[in-house]
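sequence plus the predicted model coming up.
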Amino acid sequence: MARYQKKSTPFISAVWKFAVTNYFITILVLCVGFVGVVSVYKLFIAKPTYIYVRVKVGQGLWWANTNKPTQWFVNALIHASEEKDLTGVPTAKITEVLMYPWYGSGQFDVYITAKLKVSKLGSGGKYNYKRSTVGVASPIDFEFPGVQFSGTVIQLSTKPIITNYSEKIVYLTKKYGYPWEYDAIQIGDNYFDGKEKVFEVLDKTMSESSDLNIAEWNTINPELIASRNYITIKARIKGQKTGNQFVFGQEQVISAGKSLNMATSNFNFADFVVAGVEDTGTLDK
């Protein structure tokens, strides 16, 4: 009995001959097909990976000293929503914007919290966002409709990042304050960081400051002595506990002897020093 042999059709033979003869085109077609399969898998089959990052807005390299965002940028950033890729799929979404004045200069320290669609790199906890590795201290770029900016990642989590505030009472003092400064400070004046009222003036007192000396002023001027006063402000402040430290505005450690970088819409607390910090007696929120 003759062994049955399956013969290939003329069409298949022609295709095979073309593929072997034009191997460069064959390789190119296989590469395109592989990329297509991978793309279809990522877009329609594979489940996307999401992480959450807190970013300090500014030049992406954390050690670079550049100008801080101003009010016009903050206004544009507040209205930013989602960044999308070419297929219309959201790749980044801002969930929180926090801003803190920079010594009354009209500039701000701005921080955003964003949800990112990323690719996971292996099993070591590394992630890739828009072809760049994302990690604490790494630069990151965003292109939202209407506003584009860079920043530095200061926190990364696989779960939503929540800002939990703690409340303290802080006493601010200025040794040689002008009378108009005392008058300009308003009880009840406050600052809103975009989420919470984080600073509020509760009380103020003023006393004579008559210990000026030659070492400080190079002269003795009775009129100058009479025009200066010792100002003390009692304020409520909200920040976050980090270990044994109380941190305001993501980066300012609040403790006695340090200056507080704070400016409300009515007053810039320039040259005020923290004289003391105490608990409010309420539970942390």
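Cool, got the structure. Residues are numbered from 1 along each chain as shown.

mind telling me what element the residue nearest in space to the middle of the chain is part of?
Central residue of the chain (C-alpha atoms, centre = their mean): Y111, 2.5 Å from the mean position. Element membership for Y111 (DSSP states H and E) is strand 108-121.

now do the buried residues in that strand.
108-118 (16 or more other C-beta atoms under 10 Å). For glycine as for every other residue, the C-beta is placed from the backbone atoms N, C-alpha and C.

how about the CA coordinates for that strand, as PDB?
The C-alpha trace of strand 108-121 is given here as PDB (Å, rounded to 0.1, in the frame of the first residue of the first chain):
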ATOM      1  CA  PHE A 108       4.300  79.100  45.600                       C
ATOM      2  CA  ASP A 109       5.500  75.600  46.600                       C
ATOM      3  CA  VAL A 110       3.000  73.500  44.700                       C
ATOM      4  CA  TYR A 111       2.400  69.800  45.100                       C
ATOM      5  CA  ILE A 112       0.000  67.600  43.200                       C
ATOM      6  CA  THR A 113      -1.200  64.100  43.800                       C
ATOM      7  CA  ALA A 114      -1.800  62.100  40.600                       C
ATOM      8  CA  LYS A 115      -3.000  58.600  39.600                       C
ATOM      9  CA  LEU A 116      -0.800  57.200  36.800                       C
ATOM     10  CA  LYS A 117      -1.200  54.400  34.300                       C
ATOM     11  CA  VAL A 118       2.100  52.600  34.300                       C
ATOM     12  CA  SER A 119       3.900  49.500  33.100                       C
ATOM     13  CA  LYS A 120       5.400  47.300  35.800                       C
ATOM     14  CA  LEU A 121       9.000  46.400  35.400                       C
END
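
if you count contacts, what does that strand end up packed against?
strand 49-57, helix 71-78, strand 90-101, strand 126-129, strand 132-134 (3 or more C-beta pairs under 8 Å, 6 or more residues apart in numbering; DSSP states H and E).

10 Å instead, please
Packing partners of strand 108-121 (3 or more C-beta pairs under 10 Å, 6 or more residues apart in numbering; DSSP states H and E): strand 49-57, helix 71-78, strand 82-84, strand 90-101, strand 126-129, strand 132-134, strand 139-144, strand 147-157.

so which of the ones you listed is nearest Y165?
Using C-beta to C-beta as the measure, strand 90-101 is the one of the helices and strands packed on strand 108-121 that comes nearest Y165, at 11.0 Å.

show me the strands paired with the closest one, marking each as parallel or antiparallel.
Sheet pairing here is set by DSSP bridges, and for strand 90-101 it gives strand 82-84 (antiparallel), strand 108-121 (antiparallel).

picking that back up, which non-adjacent residue is nearest the residue nearest to the centre of the chain?
L98 (4.6 Å; C-beta to C-beta, 6 or more residues apart in numbering).

could you do V134 as well?
V134's closest residue in space is Y127 (C-beta to C-beta, 6+ apart), at 4.9 Å.

what's around the one you found, how many residues?
19 (other C-beta atoms under 10 Å).

number the residues from 48 up from this point.
Sounds good: first residue 48 from here, last item Y174.

show me where pLDDT drops low in the stretch 198-332 of the chain?
Scanning the stretch 198-332 of the chain for pLDDT under 70 picks out 256-274, 328-332.

please enumerate the helices of it.
For the stretch 198-332 of the chain, the helices defined by DSSP state H, counting those that start in this stretch occupy 226-231, 261-264, 269-273.

buried residues in the longest one?
In other words, helix 226-231. Buried residues in helix 226-231, counted by 16+ other C-beta under 10 Å: 228-229.

kindly report the same for stretch 229-239.
Per 16+ other C-beta under 10 Å, stretch 229-239 contains these buried residues: 229, 232, 236, 238.

ditto for stretch 187-194
Here stretch 187-194 shows 187, 189, 191 as buried, counting by 16+ other C-beta under 10 Å.

make a markdown table out of the helices and strands packed on strand 155-168 and add distance to G286.
Listed next are the helices and strands packed on strand 155-168 as a markdown table, based on distance: least, C-beta to C-beta, whole Å:
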| stretch | distance to G286 |
| --- | --- |
| strand 96-104 | 15 |
| helix 118-125 | 20 |
| strand 129-131 | 30 |
| strand 137-148 | 11 |
| strand 173-176 | 29 |
| strand 179-181 | 26 |
| strand 186-191 | 25 |
| strand 194-204 | 15 |
